[in-house]
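A.B. asks: mind looking at a prediction? Sequence and model below.
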Amino acid sequence: MKKLIFFLIAITSQVFSQSAMEIIKKAENVIKGENAYGEISMTVVNPDYERTLKMRSWWVGNEKALIIIDSPKRERGNKTLKIGNEMWNYLKNTETTIKIPPSMMLQSWNGSDFTNDDLVRESNLEKDYKHKFLPDKTLSGELCWGVELIPNPDVAVVWGEIHYWVRKSDFIPTRLDYFDEKGNMKRYMEFEEVKTLNGKKMPTIWRMINTSKEGSSTEMKVIDMKFDVKIPSRTFSFQELERGN
């Protein structure tokens, strides 16, 4: 009888774990799809200054990404390329390509509150973490699932724990809380202004709040997004990275 109970508990736990992972998978698909092209503005705010970048981005799942900055003028033509587990920055003014080591994936991307990891989606939230349900919570008037993500022991990731909140009505992500290895929340991201872009409903404002730096935040605004588009393989190459804008 005890063996049967343990077996049922194990099966139930596995089912819930798979369900939680499926929720994350659907939420991630809402904001990135299998492959996509996007036009995005990023506004960085801190006590000392405010600046806005405009950029274009192409990506294929978690495997490949290319970001090209179009403005301001002094940064136009700077690019970020990610292929597999490797990442490079190209600086237009000096025509130099810099490889970003794994130890710098948690560093700020272009002075923002988003990290290198965030911009190229190095971490795979479906594969690199274990998933467990948190109690449901209502956020912005929407009942949400809560999923706790704990990194697998054999995977090098930048966060000790992530809490992911997803709307039950349509799988649209609402908020992510990021914790360090000691359990301290270091930042959180809110998703707002849900709109339909090219036939797909998604949040168009992604706001990252840095709890470690008072008055520091970064807002990404999706101007346009096209999903499931054909992207030539040469897009994710050194030739594309280093050629003229």
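C.D. replies: All right, it came through fine. Values in this document were obtained by computation on a predicted structure and should not be read as measured data.
A.B. asks: residue 177 contacts residue 163, correct?
C.D. replies: Yes - taking CB atoms under 8 Å as the definition, residue 177 is a contact partner of residue 163 at 4.1 Å. Yep, even glycine has a C-beta here, placed from its N, CA and C like the rest.
A.B. asks: so for stretch 88-101, what gets flagged as buried?
C.D. replies: 88-90, 92, 100 (16 or more other CB atoms under 10 Å).
A.B. asks: and the residues you listed, which of them are in helices?
C.D. replies: Secondary structure from DSSP state H places none of these in helices.
A.B. asks: so which pair among these is furthest apart in space?
C.D. replies: By the measure CB to CB, 92 and 100 form the most distant pair in those, at 16.8 Å.
A.B. asks: what is the burial count for residue 59?
C.D. replies: For residue 59, the neighbour count with other CB atoms under 10 Å is 24.
A.B. asks: please, which helix or strand holds it?
C.D. replies: strand 50-60 (DSSP states H and E).
A.B. asks: that strand pairs with which strands, and in what direction?
C.D. replies: Partners of strand 50-60 in the sheet, by DSSP bridges, are strand 35-45 (antiparallel), strand 64-71 (antiparallel).
A.B. asks: residue 57 against residue 37, yeah?
C.D. replies: Yes - with contact defined as CB under 8 Å, residue 57 and residue 37 form a contacting pair (7.2 Å).
A.B. asks: strands of the protein, start to end?
C.D. replies: Per DSSP state E, the chain carries strands over the ranges 35-45, 50-60, 64-71, 79-83, 86-91, 96-100, 129-139, 142-151, 161-167, 173-179, 185-197, 200-210, 217-227.
A.B. asks: same list (those) but as CSV, adding distance to residue 111 and mean pLDDT.
C.D. replies: As requested, the strands of the chain are exported to CSV (distance: least, CB to CB, whole Å; pLDDT from 0 to 100):
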stretch, distance to residue 111, mean pLDDT
strand 35-45, 6, 95
strand 50-60, 8, 94
strand 64-71, 12, 94
strand 79-83, 14, 92
strand 86-91, 13, 92
strand 96-100, 15, 94
strand 129-139, 28, 95
strand 142-151, 27, 96
strand 161-167, 23, 96
strand 173-179, 18, 96
strand 185-197, 15, 95
strand 200-210, 12, 95
strand 217-227, 9, 95
